[in-house]
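Trainee: turn this into a model:
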Amino acid sequence: MKARVLFPLILVMSLNGVGLRAVEERVPVHRTERVLASVAPEGDNPYLAFPAVLDLGEEVLVSFKHGGFHGGGAEAGLDLLRLNKRTDEVSWERGLAYAPGKTMQMGEWVRYPDGTIANWIDVQRPPGTERDGMQGVVSTDGGQSFGPLVRFGEVEDMEFGYPFGSVVEGETIWMIVMSFSHLEGGYSVIEKYPHAGPVCIIRSDNSGKSWSLVRNLTREFGDIPINESYFVRAGDGFLVVTRGYDQKVRLHRTDNVFKVQRQSSLTDQHEFIERYVGRPRLFTKEDQFYLIGRNWTGSTATADDAKADRQPRFPKAMKMCLFRVNPETLAVESYAILDNAEAANVTDAYYPAPYWLERDGETFLRVVDYKGVDRRPPEIVEFEFRWSEVR
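Mentor: Below is the predicted model:
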């Protein structure tokens with residue numbers, strides 16, 4: 001692994017409700033990148049993508065898709081990587097989750113209060129991307145082994161197809177999940193994507209033995225057309241991020257039962273967020289709030305073209321970015337370009353999954369992601385950054 005020196009800190013002007021203000025942009029000096037899993041591009045199922053991480057202490061579990069394409073195509077499974085924090089050794093276990101004739105698109109880890117570990121999966125029906133309802137694999141021995149594929153089931157006569165994340169406090173676990181129009185209890189939320197259903201919060205107080213529906217966030221947030229979302233605890237309530245089919249990323253502050261208190265569009269506020277932030281994840285560190293995901297910081301359309309709507313605003317280059325956000329103002333305070341500040345031809349990438357490493361008295365942010373360049377099938381990669389440079 002080699003560290004690269006990229007570019008110095010710069011300031012970007014951003015509209016924050018009351019006018020322009022300087023937003024600090026950082027590009028880290030310490031940046032390493034290593035390939036965790038790769039398949040020969042000419043072989044079968046060369047497409048590795050969509051990692052999710054679960055930090056167990058010394059060991060980190062990484063699930064990821066092993067298939068042929070980003071979406072659609074033939075059946076695909078989920079594989080498992082085990083990362084040893086102390087030695088940096090990586091072991092690859094095939095077939096964490098597989099079912100004939102199905103596509104395991106993306107898994108999301110959940111650790112229940114009783115110690116059970118589950119990986120709930122967005123299961124699709126090839127050759128298309130129609131959802132089959134959430135299914136998953138469960139471990140009762142701390143992640144050493146996993147059982148067969150099981151269905152998540154309905155929650156108050158509603159079935160969900162895509163898990164995004166969870167928050168656990170004491171005996172309570174909340175999950176943010178998405179339904180689809182063809183699943184039980186689902187309905188279409190946007191004409192352009194008739195299969196897309198509402199994003200909801202569900203809750204369990206008995207380690208997943210039963211669930212209740214807490215809030216339909218799509219309706220609560222004003223019937224906005226949203227899909228990939230995430231949330232974290234923020235004081236007495238929660239902070240939620242949503243990616244919209246309308247190409248916008250939004251922050252929403254809610255109370256403890258997910259009633260909205262205020263919300264804003266980061267896309268409208270900040271010129272360095274060209275449209276949505278892909279597969280957004282929120283996390284907290286040292287009482288600060290952070291958003292990580294795929295971002296575009298520029299457009300191929302000229303300003304005059306964009307104003308006249310003469311052509312779509314296609315992005316110049318996708319990047320992996322980390323944003324420090326304010327849970328009160330719902331605005332970005334600073335951001336770091338974690339990968340592709342040089343605007344290389346990254347053609348498929350960036351569903352980042354972070355975890356932490358302490359080494360020689362210093363804190364490092366590690367991010368497991370997928371990345372394909374020049375239209376080659378993507379690999380599973382891991383980045384490392386000094387937290388002091390990007391926080």
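
Trainee: quick check: what element follows the top strand by length along the chain along the chain?
Mentor: The single longest strand within the chain, with elements called by DSSP state E, is strand 362-373. Later in the chain than strand 362-373, the nearest helix or strand by DSSP states H and E is strand 379-386.

Trainee: now that following strand against strand 362-373, angle please.
Mentor: With axes from the mean of the first three to the mean of the last three CA atoms, to 10 degrees as the basis, strand 379-386 and strand 362-373 are set at 150 degrees to each other.

Trainee: pLDDT weak spots in the stretch 201-350 of the chain?
Mentor: The stretch 201-350 of the chain contains residues with pLDDT under 70 at 298-315.

Trainee: show me where it has strands.
Mentor: Ranges of strands within the stretch 201-350 of the chain are 212-216, 226-234, 237-244, 249-254, 260-265, 278-285, 288-296, 318-326, 331-339, 346-349, based on DSSP state E, counting those that start in this stretch.

Trainee: rewinding a little: avg pLDDT for the longest strand of the chain?
Mentor: Averaging pLDDT along strand 362-373 gives 98.

Trainee: and it, C-alpha only, in CSV?
Mentor: The C-alpha trace of strand 362-373 is given here as CSV (Å, rounded to 0.1, in the frame of the first residue of the first chain):
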residue,chain,number,x,y,z
GLU,A,362,-3.6,7.3,16.2
THR,A,363,-7.1,6.8,14.8
PHE,A,364,-7.6,5.8,11.2
LEU,A,365,-10.7,5.7,9.1
ARG,A,366,-10.9,2.6,6.9
VAL,A,367,-13.5,2.4,4.2
VAL,A,368,-14.4,-0.8,2.4
ASP,A,369,-15.9,-0.1,-1.1
TYR,A,370,-16.1,-1.4,-4.6
LYS,A,371,-14.4,0.3,-7.6
GLY,A,372,-14.2,-0.2,-11.3
VAL,A,373,-12.1,1.9,-13.7
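
Trainee: how about it: buried residues?
Mentor: By 16 or more other CB atoms under 10 Å, the buried positions in strand 362-373 come out as 364-372. In this view, the C-beta of every residue, glycine as well, is placed from N, C-alpha and C.

Trainee: pull up the pairing partners for that strand, direction included.
Mentor: Note on strand 362-373: by DSSP bridges, its sheet partners are strand 346-349 (antiparallel), strand 353-359 (antiparallel), strand 379-386 (antiparallel).

Trainee: Arg111 is nearest to which of those strands?
Mentor: Nearest to Arg111 among the strands paired with strand 362-373 is strand 353-359 (13.4 Å), distances taken as CB to CB.

Trainee: contacts for the closest one next, please.
Mentor: Contacts of strand 353-359 from elsewhere in the structure, counted by CB atoms under 8 Å, 6 or more residues apart in numbering, are 51-53, 55, 60, 62, 85, 281, 283, 292, 363-369, 384, 387.

Trainee: hmm, back to that, and of the strands of the stretch 201-350 of the chain, who's closest to Glu75?
Mentor: Nearest of the strands of the stretch 201-350 of the chain to Glu75, taken as CB to CB: strand 346-349 at 19.8 Å.

Trainee: other residues contacting that closest one?
Mentor: Strand 346-349 is contacted from outside by 49, 70, 294, 317-320, 339-340, 369-376, 378, using CB under 8 Å, 6+ apart.

Trainee: what comes up buried for that strand?
Mentor: Of the residues in strand 346-349, those with enough neighbours to count as buried (16+ other CB under 10 Å) are 346, 348-349.

Trainee: ok, the most centrally placed residue in the chain - contacts?
Mentor: Computing the C-alpha centroid of the chain and ranking residues by CA atoms, centre = their mean puts Arg279 first, at 3.4 Å. Going by CB under 8 Å, 6+ apart, Arg279 touches 50, 228, 243, 293-294, 350-352.

Trainee: now it. Nearest residue, chain neighbours left out?
Mentor: Excluding its sequence neighbours, the residue lying closest to Arg279 (CB to CB, 6 or more residues apart in numbering) is Tyr351, at 3.9 Å.

Trainee: about what we covered before: in the contacts of Arg279, find the pair that's most separated.
Mentor: Farthest apart among the contacts of Arg279 by CB to CB are Phe50 and Arg243. That separation is 14.6 Å.

Trainee: stretch 40-49: which residues count as buried?
Mentor: 45-49.

Trainee: whoops, I mixed them up, stretch 175-194
Mentor: 175-183, 185-186, 188-190.

Trainee: buried sites along stretch 128-142?
Mentor: Within stretch 128-142, the residues scored as buried using 16+ other CB under 10 Å are 129, 131-139.

Trainee: quick one: pLDDT of the residue nearest to Met106 when sequence neighbours are not counted?
Mentor: Nearest non-adjacent residue to Met106, counting by CB to CB, 6+ apart: Phe50, 4.2 Å away. With respect to pLDDT, Phe50 scores 98.

Trainee: so Phe50 makes contact with Tyr351?
Mentor: Yes: using CB atoms under 8 Å, Phe50 makes contact with Tyr351 at a distance of 5.2 Å.

Trainee: joint contacts of the two?
Mentor: Counting by CB under 8 Å, 6+ apart, the residues touching both Phe50 and Tyr351 are 106, 279, 370.

Trainee: against Arg203, how distant is the second one?
Mentor: In this structure, Arg279 lies at 23 Å from Arg203, with CB to CB, to the nearest Å as the measure.
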